[in-house]
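3D model of this:
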Amino acid sequence: MKTIYPTFYLTHLYKIKTRYFFLLYLVFNNIQLHAQLVYNNGATIAIKTGATVIVRTGSVSNFTGLIDNAGTLQIEGTFTNAATANGGGANGIYKIQNN
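Numbering: from 1, shown residues only. Here you go, the predicted structure:
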């Protein structure tokens with residue numbers, strides 16, 4: 001035996017699902033992720049003039065890469081540099097709070 005649903009019921013069910021999906025989207029769209037460590041092992045990190053990068057809860061380790069900073073790099077943890085970290089051909093600013 002086949003169950004037949006009235007059109008009103010299906011339309012109402014669709015509206016409820018759409019509302020819940022929209023609410024879940026709003027909730028999860030505002031989640032921010034925080035990195036604990038920036039570990040550069042061979043990449044080039046370029047910070048352009050006027051840009052600011054803030055590392056709040058972790059540290060920055062630059063082992064074999066390049067940090068080309070023409071803006072501002074603010075680190076609230078520690079900064080370990082065994083490679084090249086320069087001013088990007090301009091006046092890059094490094095603000096390091098813990099070491």
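
moving C-terminal from the helix or strand of the chain with the lowest mean pLDDT, which element do we reach first?
Within the chain, no helix or strand scores below helix 7-29, which has a mean of 65 by mean pLDDT, DSSP states H and E. For helix 7-29, the succeeding helix or strand toward the C-terminus, using DSSP states H and E, is strand 37-40.

list the strands paired with that following strand, with their directions.
Strand pairing for strand 37-40, using DSSP bridges, gives strand 59-62 (parallel).

now do the buried residues in the partner strand.
For strand 59-62, the neighbour count (16 or more other C-beta atoms under 10 Å) marks 59-62 as buried. To be clear about C-beta, it is placed using only N, CA and C from the backbone, and glycine gets the same treatment.

low-confidence ranges in this structure?
1-17, 22-36, 99 (pLDDT under 70).

residues near the spatially closest residue to Val55 that is not a sequence neighbour, how many?
Distances taken as C-beta to C-beta, 6 or more residues apart in numbering place Ile75 nearest to Val55, at 4.8 Å, with adjacent residues excluded. For Ile75, the count of nearby residues is 20 (other C-beta atoms under 10 Å).

bridged to Ile75, which residues?
Beta bridges link Ile75 to Val55, Ile96, judged by DSSP bridges.

and if you look at Ile45?
Bridge pairing for Ile45 - DSSP bridges - gives Ile67.

residues touching it, list them.
Ile45 sits next to 62, 65-68 when contact means C-beta atoms under 8 Å, 6 or more residues apart in numbering.

pick the one among those closest to Asn40.
Gly65 (3.7 Å; C-beta to C-beta).

that concludes my questions; thank you for your assistance.
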